[in-house]
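A.B. asks: Just a sequence and a predicted model for now, questions to come.
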Amino acid sequence: PPRYGETSMSWLRTSNGEIVDGSARKVLLRGFDDDALVTFPKNPPAPLDEVDATLMQQAGFDVVRLGIDWAQLEPERGRVNQAYLERVAAAVSMLNRHGLYVILDMHFRLGWSPRFGYSGAPAWATTLVPNWNPLPQYSWSPALSPAAFTSDTYFWLSSDWKKDFYMSWQAVATRFKENAGIAGYDIFNEAHPLPIPPRIFDKYYLWPMFKDAIEAIGSVDSNHLFFVEGILLLSMNTVVVHLKAPNIVYGTHVYEGSLVPPFWTGDPTFLRQRFQQRAKEAAEVPAPLWVGEIGYDLGAPKATSYIDAALDDADDLGIGWAWWQWRESRWWGMVDRGGQLVNQSVLRHLARPYLIAAPVGVQPSRGDGLRGALTIRVDAGHADQPIEVGWSALTLAAPAVTGTCLSSSHWDATTGRLTLQVDSGKGCQLTLRAG
């Protein structure tokens, strides 16, 4: 069996379409993306430090999807950069100390490689085609650069560079295979199919790559979750190919209404449909659904209504998510580059109470981060295990809990956690309110 590493966190696995801990409690991973360790030559990322980890913990979150990149892992073909791997390990250790699981995300952006100004592949994994961006004013236009376009396509059409890509992942997995604070590995961020037709790309290139990557990583580390993603091409659906492997999570992204049209008007209908479509795709894998990225320009009108609608959908589906992102700017972060918490009012919407760990027979309502409210239905046949609630000490007053089956409650403002114990064999409704 896997051994615990430097943390006392529970190992995670999948069971019956859910992420569960060592006690078989359903776990919701909710938190933020962060790109501090990723190479963006044209826009270097903000750092990530102990204050960031402390704030995320106090706000009740339990996960960070931490971007890493192949370019820094294997800058020279066949040689793993151990110094970079130790930088990753230091960030993981810091986050784990604050009760935050880490999902390591091999982060590619449109543009393919730092050689062309964006995160992703090392310089040796690029073609010699000229790098020319025909439409620099558009966020998606780097993918149209002939250099990025041909390099990306060669990766998918040939096994040549994939062998190194899997080797780099194996080096990561070898370093973290005994660390329970790693929730899992997000294998490839936001694959886009073009110029390969999308349905052909999904069926014959994307899913076979995931299968081969999981086999390669699993040969050195079978202790962790494997996060796979759908394609990112406007609002196109992903054609799913059934994967026969343990501990797979469908960690796809939702940007409809935000970066992907139709843009948000306040009507939640289309956004709800996209969440339901992602849930359908997850069931086809089959795997639990987890939204690895969702975000919105926080300076735009109706930003908080978008957040509320998206998180309502996540609550209704009983899934976790990571918001893009924690530290960047006033428009795309809770904390700016200099380390100032600049969006506490927005954080109130994101930091809604939720069940971090729910025993069998325990079901929550939607959380309310503005008023501070959550109701929990406890069935009489519930499993006799603690209920862990994420409750933000940064944005809410301490919780008051009532319910006829409540045995005990313990609130820890330092960790943003409320631990509830209920009477064995009894059912009731627990009501949580900000006191």
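C.D. replies: Cool, got the structure. For clarity, every value in this text was computed on a predicted model and none was experimentally measured.
A.B. asks: Where does the residue minimising distance to the centre of the chain sit: helix, strand or coil?
C.D. replies: The centroid of the chain falls nearest to residue 292 when counting by CA atoms, centre = their mean (3.3 Å). At residue 292 the chain is in strand, as set by DSSP: H, G, I helix; E, B strand; the rest coil.
A.B. asks: How about residue 23?
C.D. replies: Quick answer, by three-state DSSP: residue 23 is coil.
A.B. asks: so what's it up against?
C.D. replies: 10, 357, 359, 383, 385 (CB atoms under 8 Å, 6 or more residues apart in numbering). Any C-beta I mention is one placed from the backbone N, CA and C, and that applies to glycine too.
A.B. asks: Please report the number of neighbouring residues for the third one.
C.D. replies: For residue 359, the tally of surrounding residues (other CB atoms under 10 Å) stands at 20.
A.B. asks: ok now do it, which residues does it touch?
C.D. replies: So residue 359 contacts 23, 24, 25, 382, 383, 384, 385, 386, 387 (CB under 8 Å, 6+ apart).
A.B. asks: ChimeraX command for the buried members of the residues you listed?
C.D. replies: Command for ChimeraX that selects the buried part of the contacts of residue 359, burial taken from 16 or more other CB atoms under 10 Å:
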select :25,382,385,387
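A.B. asks: follow-up on the earlier one: redo the contacts of residue 23 as JSON lines? Include secondary structure, pLDDT and distance to residue 335.
C.D. replies: Shown next, in JSON lines, are these (DSSP: H, G, I helix; E, B strand; the rest coil; pLDDT from 0 to 100; distance: CB to CB, whole Å):
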{"residue": "10", "secondary structure": "coil", "pLDDT": "96", "distance to residue 335": "28"}
{"residue": "357", "secondary structure": "strand", "pLDDT": "98", "distance to residue 335": "27"}
{"residue": "359", "secondary structure": "coil", "pLDDT": "98", "distance to residue 335": "34"}
{"residue": "383", "secondary structure": "coil", "pLDDT": "97", "distance to residue 335": "37"}
{"residue": "385", "secondary structure": "coil", "pLDDT": "97", "distance to residue 335": "34"}
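A.B. asks: What is the nearest of the residues you listed to residue 159?
C.D. replies: Residue 159 has its nearest neighbour among the contacts of residue 23 in residue 10, at 37.2 Å by CB to CB.
A.B. asks: I figured the closest one hits residue 24, correct?
C.D. replies: No - using CB atoms under 8 Å, residue 10 is not in contact with residue 24; the gap is 10.4 Å.
A.B. asks: how about the helices of the stretch 151-300 of the chain, start to end?
C.D. replies: Using DSSP state H, counting those that start in this stretch, the helices of the stretch 151-300 of the chain run over 160-176, 198-201, 207-218, 269-284.
A.B. asks: My error: substitute the stretch 1-150 of the chain in the last question.
C.D. replies: Shown for the stretch 1-150 of the chain, the helices assigned by DSSP H, counting those that start in this stretch span residues 50-58, 70-73, 82-97, 146-157.
A.B. asks: List the buried residues for stretch 368-378?
C.D. replies: 368, 369, 372, 373, 374, 375, 376, 378.
A.B. asks: Can you pull the phi/psi pair for the fifth one?
C.D. replies: Backbone torsions for residue 374, taken as degrees, to the nearest 10, come to phi -160, psi 140.
A.B. asks: Can you tell me how far it is from residue 319?
C.D. replies: With distances taken as CB to CB, to the nearest Å, residue 374 is found 16 Å from residue 319.
A.B. asks: Low-confidence stretches in the chain?
C.D. replies: 1-7, 137-139 (pLDDT under 70).
A.B. asks: ok, residue 427 touching residue 405?
C.D. replies: Yes - Residue 427 lies in contact with residue 405 (CB under 8 Å); the separation is 6.1 Å.
A.B. asks: where do the contact lists of those two overlap?
C.D. replies: In contact with both residue 427 and residue 405: residue 378, using CB under 8 Å, 6+ apart.
A.B. asks: got the CA positions of stretch 27-35 in PDB?
C.D. replies: Only the C-alpha atoms of stretch 27-35 are listed here, as PDB (Å, rounded to 0.1, in the frame of the first residue of the first chain):
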ATOM      1  CA  VAL A  27     -14.200  14.700  -1.200                       C
ATOM      2  CA  LEU A  28     -14.800  18.000  -3.000                       C
ATOM      3  CA  LEU A  29     -11.700  19.600  -4.200                       C
ATOM      4  CA  ARG A  30     -12.300  23.400  -4.400                       C
ATOM      5  CA  GLY A  31      -9.800  26.100  -4.800                       C
ATOM      6  CA  PHE A  32      -7.600  27.900  -7.300                       C
ATOM      7  CA  ASP A  33      -5.300  27.500 -10.200                       C
ATOM      8  CA  ASP A  34      -1.800  29.100  -9.900                       C
ATOM      9  CA  ASP A  35       0.800  29.500 -12.600                       C
END
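A.B. asks: Of all pairs in the buried residues of stretch 368-378, which one spans the longest distance?
C.D. replies: The span of those, defined through CB to CB, is set by 369 and 378 at 22.3 Å.
A.B. asks: Many thanks, I have nothing further to ask.
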